[in-house]
Every structure is written in structure tokens, then in C-alpha cells.
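J.: Okay, sequence plus prediction incoming.
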Amino acid sequence: ALRVNTSLKELFLGSNNIGREGAAHLADALRVNTSLMDLDLPYNNIGPEGAAHLADALRVNTSLMDLDLGSNSIGRESAAHLADALRVNTSLKRLVLWRNNIGLEGATHLADALRVNTSLKRLVLWRNNIGLEGATHLADALRVNTSLKRLDLERNNIGPEGAAHLADALR
């Protein structure tokens, strides 16, 4: 239905156990849909494969502005896929990836994407085991990114040194 629907703007499917198969179906629709602006999929057991399908769709989708993939166990590999999509996507304004265990590697990929992305305004990464080194990579990206307005890094154990790197990026 999303492939041909031109009126639906927001779709909230949190906690529906859609898994990777459901994510793949949604990704197929996102490749051609031009009206959906907000897709919320927290707590859906999407996993790395489902997130990779959605990332591939983001490469060509021009309408989606808000994507919530919170608590879907996407891991660092899918964070890399999403980062690759962010390099070319120009419509996404908010990406929510809380509690997905993306770790240092995922944070590094996202930081690299932030260096070239000009549309993302908010990135939510709390509870992702990013640590000091991940915070440092993100801080370095903030030095060149001019579009991001809010970065959520709660509960990532960045410590005082990570806070110092982020503070330096704000100067």
C-alpha cells in the first residue's frame, strides 16, 4: 500500500515484531514512496539485515525526514550501512539509533558521514557503547558539520576526556 499511497505522512509501528522481513518490505516501499515523512520502528527486532535494507532505501528516498530505529539490535555493521546512506541522502532530518550497540566502529562510520551530510539536524545515539574514542570521532565531525543541531549521547561512557573533546569542537 505504501508504494502507491500519496497521502500518508507518518507511520508508527513500534513494538510490532516486524523483524528483518518486515523491514525489507518497508524498504521496498520507501524506494518509490514520495509522501511518507516519518517512520517510527522502535522495538521491532529488525537486526542488522533489516537495517541494511532500510539504509539501501534511504539512498534513493527523497521524502523521509524522520527515522526511528531505536532498540533494534542493528549493531555496528548496519550503522556503517546507514552512514553510507547519510552520505547521499538529502531529506533525512532526524535519525534515532538509541540502544543499538553500534559501539566505536558504528560511531566512527556515522562521524565520517556527518562530515559530508548537510541535511541531518538531530542524531540520537544514547546507550550505544560509543566510549571515549567514539565521542572523539564525533567531536571531530562536529568541527566541519554545519547542519546538525542536536546530538544525543547519553549513557555512552564517554568520560571527562570525551566531554573535553566535544567541548573543544564547540569552540
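T.: That came in fine, so what should we check first?

J.: got a list of what residue 89 touches?
T.: Counting by Cβ atoms under 8 Å, 6 or more residues apart in numbering, residue 89 touches 58, 59, 61, 117, 119. All C-beta spots, glycine's among them, are computed from the backbone N, C-alpha and C.

J.: what's the distance between the closest residue to the first one other than its chain neighbours and residue 32?
T.: Going back to what we said before, that points to residue 58. Closest residue to residue 58 apart from its sequence neighbours, by Cβ to Cβ, 6 or more residues apart in numbering: residue 85 at 3.8 Å. Residue 85 is 16 Å from residue 32, where distance means Cβ to Cβ, to the nearest Å.

J.: Kindly report the same for residue 89.
T.: Residue 89 is 16 Å from residue 32, by Cβ to Cβ.

J.: In three-state terms, label residue 164 for me.
T.: What DSSP: H, G, I helix; E, B strand; the rest coil gives for residue 164 is helix.

J.: how many neighbours does it have?
T.: Here the count is done by other Cβ atoms under 10 Å, and residue 164 has 15 residues near it.
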